[in-house]
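Colleague: Build me a model:
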Amino acid sequence: MENKIELIESIGKIVVFLMLLLSIFLFTVKTKNKLSNKLFGIYLLVVAFDLTGLFSNKILEYPNLNILKVSSSLLQLPLFYLYVLSACYTNFRIKKKHSIHASLFILFLLLFKITGFSDQSLMVFEIIGELQFIGYIIIVFIVLKKYKTVYLENYSSTNYVVYKWLFNITAFSCFAHSFVILRWYLSNSTFQGYIVNINVLISIMVLIITIYFVLSALYRPELFTGINMNLKPLTSNSPSELSEKTTPIEDEHLKRLHSFMESDKPYLDFELTLQKLAVQIDISEKNLSLLINRHLNKHFFDFINAYRIEEAKKLLKDTSLNIQQIMYQVGFNSKSSFNTAFKKHTSNTPSSYRKSIT
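Modeller: Numbering: from 1, shown residues only. Below you'll find the predicted structure:
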């Protein structure tokens, strides 16, 4: 038992240290996405403050500080939600209306200050906390679904990795939280002896997630980019706009699009967006999006990558070029995204494809 408690304390110290270190990095790193980094940094600080209870009870000597610590757990999900918005959308800004997300924190801060930690107030706190977690997680997944749809319809670069990063940490958080619920159930049953084991598992998972945060921040700087939040998913269009039949004007636009893609090769620009391409071929963004999504049955992301892969297949015949050079030449700026796209379109990796043709 003592060994397990010592393990939990050691893991807690490591996690808090890593979170503090990452927070400092996020507050000081030079980037255009300052709001996103600051929100994530504040989120980590609040979580770290909460996790100090894993290895120290010193805070119990200061009632007001302890009340702040307990109540601050109700800031974690709101901060994470705001971080997700800022990570997804480059033009997201904090406004007065967002202060509503701190209402539960303020409410329980005042409640605990007045009544103390009574059994009744703590029970209400736990129930509200669980409902808050469920509500925010659902909202976060809705935001991510919209982000994915809008991104695929409007962008061609590899920032799609932002979606995977946010989805993964949200899913990991849900998985870890399931053990918190299990711990609560065991504490009210005849299996209380297993609580320490559950705490060990929770501590290990939190450590793994924290290490994932740190490594991602260090090796995946593209995670801290986003899209324009004013863009709407194409599915919001009316049914009449979703017809697969093309009009004479649309036929002309399709011919112009394919001709431009073949002659000018705009897909070689790794920062190509739907807006850029629409300007280049003198078609409105909305009409271009409809052409690609409804009449070609592709997302803009896949439409552009298809041309890039065809160009890559031609260049792979030239053995004087290595795969990384080809990757950059055809418009990719990430090896993983190049390999994924190539395999999706050819069922082979670039290396395997080169071997099959040389």
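Colleague: Flag the shaky bits of the stretch 1-150 of the chain, pLDDT-wise.
Modeller: Across the stretch 1-150 of the chain, the ranges flagged by pLDDT under 70 are 1.
Colleague: For Glu311, the count of nearby residues, please.
Modeller: Counted with other CB atoms under 10 Å, the neighbours of Glu311 add up to 17. Backbone N, C-alpha and C define where each C-beta goes, glycine included.
Colleague: And it, how far from Lys255?
Modeller: Distance of Glu311 to Lys255, computed by CB to CB, to the nearest Å: 21 Å.
Colleague: ok, now Glu153?
Modeller: Where Lys255 is concerned, Glu153 sits at a distance of 22 Å (CB to CB).
Colleague: With Lys298 instead?
Modeller: From Lys298 to Lys255 the distance is 17 Å (CB to CB).
Colleague: got it, and Tyr353?
Modeller: 30 Å.
Colleague: Which one of those two is surrounded by more residues?
Modeller: Set Tyr353 next to Lys255 and count neighbours by other CB under 10 Å: Tyr353 wins out with 20 against 10.
Colleague: wait, doesn't the more buried one sit right on Phe342?
Modeller: Yes. Look at Tyr353 against Phe342 with CB atoms under 8 Å: they come within range, at 7.2 Å.
Colleague: Does Ile169 fall in a helix, a strand, or a coil region?
Modeller: Secondary structure for Ile169, judged by DSSP: H, G, I helix; E, B strand; the rest coil, is helix.
Colleague: my bad, should have said Arg308
Modeller: Per three-state DSSP, the local secondary structure of Arg308 is helix.
Colleague: ok, now Ile283?
Modeller: coil.
Colleague: same for the biggest helix by length in the chain, what does it pack against?
Modeller: Criterion DSSP state H: the longest helix present in the chain is helix 119-154. When contacts are defined as 3 or more CB pairs under 8 Å, 6 or more residues apart in numbering; DSSP states H and E, helix 119-154 packs onto helix 63-88, helix 103-115, helix 161-187, helix 274-281, helix 285-290, helix 300-315.
Colleague: closest one to Asp50 among those?
Modeller: helix 63-88 (5.3 Å; CB to CB).
Colleague: How is the protein divided into domains?
Modeller: 2-224, 234-357 (automatic domain parsing).
Colleague: returning to what we had before: now the helices and strands packed on helix 119-154 as JSON lines including distance to Lys265?
Modeller: Output for those, formatted as JSON lines (distance: least, CB to CB, whole Å):
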{"stretch": "helix 63-88", "distance to Lys265": "30"}
{"stretch": "helix 103-115", "distance to Lys265": "53"}
{"stretch": "helix 161-187", "distance to Lys265": "24"}
{"stretch": "helix 274-281", "distance to Lys265": "11"}
{"stretch": "helix 285-290", "distance to Lys265": "17"}
{"stretch": "helix 300-315", "distance to Lys265": "7"}
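Colleague: Which of those sits closest to Ile142?
Modeller: Using CB to CB, the helices and strands packed on helix 119-154 put helix 63-88 closest to Ile142, at 10.4 Å.
Colleague: And the host helix or strand of Leu35, how far out from the chain middle?
Modeller: Taking DSSP states H and E as the criterion, the element that holds Leu35 is helix 34-51. From the chain centre to the centre of helix 34-51 is a distance of 15 Å (CA atoms, centre = their mean, to the nearest Å).
Colleague: by contact count, what packs against it?
Modeller: Helix 34-51 packs on helix 2-28, helix 63-88, going by 3+ CB pairs under 8 Å, 6+ apart.
Colleague: With respect to burial, which of the ones you listed scores highest?
Modeller: Most buried of those, by mean neighbour count (mean count of other CB atoms under 10 Å): helix 63-88, with a mean of 20.
Colleague: list the helices and strands it packs on?
Modeller: Looks like helix 63-88 contacts helix 34-51, helix 103-115, helix 119-154, helix 161-187 (3+ CB pairs under 8 Å, 6+ apart).
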